[in-house]
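> based on what follows, work out the 3D shape:
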Amino acid sequence: MKALLLENKGKVKEMMVGDIEKPTPKKDEILVKIKATALNPVDYKTGSGGNPNWTYPHVLGLDSAGIVEETGADVSNIKAGDRVVFHSDLSKKGGFAEYSVTTAHTVSLIPDGISYEEAAALPCAGYTAYQALFHKMHASKGQTILIHAGAGGVGGFAIQLAKHAGLTVLTTASSSNHEFVKSLGADYAIDYHKEDFVEKALEITNGTGVELVLDTVDRDNANKSLKALAFNGQIAFIAGPPNVNDAISFAHPLSFHQIGLGSVHQSNNTREQRKLSEMGNHMLSLLKEGKLNPMVEKIISLEEVPEALAELETRRVKGKIVAKIN
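Down below sits the predicted model:
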């Protein structure tokens with residue numbers, strides 16, 4: 001089969017389309033003919049650093065949508081011909097290829113009317129936002145949340161999910177993206193280049209602080225975000241933890257939540273793995289109802305993925321980039 005091949009770690013920009021053996025589904029797995037695979041920061045990060053479980057050439061790409069071609073033993077919930085979307089196990093070969101294998105209990109069925117490109121845009125960024133908001137921080141109507149990098153994938157989906165759940169949403173974004181994040185549902189957009197987001201968050205909340213923070217930037221940003229949290233506030237982080245020990249205070253208690261979406265594949269915890277499917281089902285239903293924007297800003301070819309990953313690495317990409325697999 002054709003695939004975009006990573007010949008060794010650190011060679012992301014040199015990836016080219018070549019031939020590799022077509023995978024075969026094992027017990028509880030399915031073989032999917034890939035139609036679209038979304039790009040994520042984890043692609044260039046792991047592609048640069050490698051993974052001890054990989055053999056080369058490796059295939060990147062964690063979020064894919066396509067048609068089930070074959071099912072392995074003991075698969076009863078999925079059949080050949082089903083349209084599915086899934087978040088792959090990063091320790092295995094991914095979806096920048098004609099075919100990919102995944103576990104049957106982690107996929108979601110794509111409803112009619114939703115394209116493969118739209119579905120593929122959801123998993124990594126969308127499920128991360130969903131897990132942070134509802135599985136970790138238990139976000140609820142009436143709360144106030146500060147979401148960092150609202151024009152990005154995780155931030156953009158988090159804004160939409162939070163607003164749909166009835167929260168007041170503050171987000172950081174450059175001025176050029178303020179119109180975009182507000183179209184997603186942000187109530188307040190803070191230009192982090194020109195404004196201090198802690199001061200602005202305290203001003204907006206009349207000095208109380210926000211109840212929730214989703215940090216997608218880095219450890220320093222997470223540390224600073226703690227100053228914007230209200231009494232009993234919560235922070236979820238995906239790009240480096242704040243200094244928890246220094247932040248623990250009886251006078252101003254806080255809660256800290258680590259988000260590690262894809263590592264669930266190595267956990268052997270089937271119950272937690274099934275949540276990938278459950279989150280996908282819910283987000284696809286919102287998409288079907290017109291209540292969720294998949295934020296697909298650009299559709300590219302498989303050959304254009306290396307260049308697009310380099311663009312993504314600048315951290316100035318709005319929304320999602322999706323590769324169409326022919």
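> got the contact list for residue 188?
Residue 188 is in contact with 169, 170, 171, 200, 204, counting by Cβ atoms under 8 Å, 6 or more residues apart in numbering. For every residue, glycine as well, the C-beta is placed using N, CA and C.
> let's go with 6 Å and repeat that
Listed by Cβ atoms under 6 Å, 6 or more residues apart in numbering, the contact set of residue 188 reads 170, 204.
> likewise the one 3 residues further on?
With contact taken as Cβ under 6 Å, 6+ apart, residue 191 is in contact with residue 175.
> repeat that with 10 Å
Neighbour list for residue 191: 172, 173, 174, 175, 176, 177, 178, 197, 200 [criterion: Cβ atoms under 10 Å, 6 or more residues apart in numbering].
> and the gap between it and residue 197?
Residue 191 is 9 Å from residue 197, where distance means Cβ to Cβ, to the nearest Å.
> between those two, which contacts overlap?
Residues touching both residue 191 and residue 197 (Cβ under 10 Å, 6+ apart): residue 172.
> ok, back up a step: so which of the contacts of residue 191 are in strands?
Counting by DSSP state E, those place residue 172 in strands.
> list just the nearest of the contacts of residue 191 to residue 266.
Closest approach to residue 266 among those (Cβ to Cβ): residue 172, at 32.1 Å.
> and that closest one, what's its pLDDT?
pLDDT for residue 172: 98.
> by neighbour count, which of the contacts of residue 191 wins?
residue 172 (29 neighbours; other Cβ atoms under 10 Å).
> ok, it - contacts?
Residues near residue 172 by Cβ under 10 Å, 6+ apart: 146-151, 155, 181, 186, 188-193, 195, 197, 200-201, 215-217, 221, 225.
> what's the PyMOL line that selects buried ones from the residues you listed?
This is how PyMOL selects the buried members of these, with burial counted by 16 or more other Cβ atoms under 10 Å:
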select buried, resi 146+147+148+149+150+151+155+181+186+188+189+190+192+197+200+201+215+216+217+221+225
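> related to what we said a few turns ago, from the contacts of residue 191, pick the one nearest residue 315.
Nearest to residue 315 among the contacts of residue 191, counting by Cβ to Cβ, is residue 174 at 10.5 Å.
> surely that closest one and residue 195 touch.
No - counting by Cβ atoms under 10 Å, residue 195 is not a contact partner of residue 174; they are 11.1 Å apart.
> can you map out the strands along the stretch 1-150 of the chain?
2-5, 16-19, 29-38, 63-71, 83-87, 99-103, 108-109, 144-147 (DSSP state E, counting those that start in this stretch).
> ok, the last one: who's next to it in the sheet?
Under the criterion DSSP bridges, strand 144-147 sits next to strand 168-172 (parallel), strand 210-215 (parallel) in its sheet.
> so which of those strands gets nearest residue 273?
strand 210-215 (22.8 Å).
> beyond that closest one, next helix or strand please.
helix 219-225 (DSSP states H and E).
> for that following helix, buried residues please.
Neighbour counts over helix 219-225 (16+ other Cβ under 10 Å) mark 221, 222, 223, 225 as buried.
> could you find the closest non-adjacent residue to the residue nearest the centre of the chain?
Among the residues of the chain, the one closest to the centroid is residue 125, at 1.5 Å (Cα atoms, centre = their mean). Counting by Cβ to Cβ, 6 or more residues apart in numbering, residue 153 is the residue found nearest to residue 125 once chain neighbours are left out, at 3.1 Å.
> quick check: that neighbour vs residue 200, distance?
Taking Cβ to Cβ, one finds residue 153 at 23 Å from residue 200.
> how about the strands paired with strand 144-147, which one is nearest residue 3?
Closest to residue 3 of the strands paired with strand 144-147 is strand 210-215 (Cβ to Cβ; 33.8 Å).
> please save the CA atoms from the closest one in CSV.
Provided in CSV are the C-alpha atoms of strand 210-215 (Å, rounded to 0.1, in the frame of the first residue of the first chain):
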residue,chain,number,x,y,z
VAL,A,210,-12.2,32.1,36.7
GLU,A,211,-13.4,28.7,38.0
LEU,A,212,-11.6,26.7,35.3
VAL,A,213,-8.5,27.0,33.1
LEU,A,214,-7.5,24.9,30.1
ASP,A,215,-3.9,25.4,29.3
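> pull the distance from that strand to the chain's centre.
Centroid separation for strand 210-215 versus its chain: 18 Å, with Cα atoms, centre = their mean, to the nearest Å.
> just stretch 288-298 next, same as before
The answer for stretch 288-298 is 14 Å, by Cα atoms, centre = their mean.
> buried ones in that stretch?
Of the residues in stretch 288-298, 292, 293, 294, 295, 296, 298 count as buried by neighbour count, 16+ other Cβ under 10 Å.
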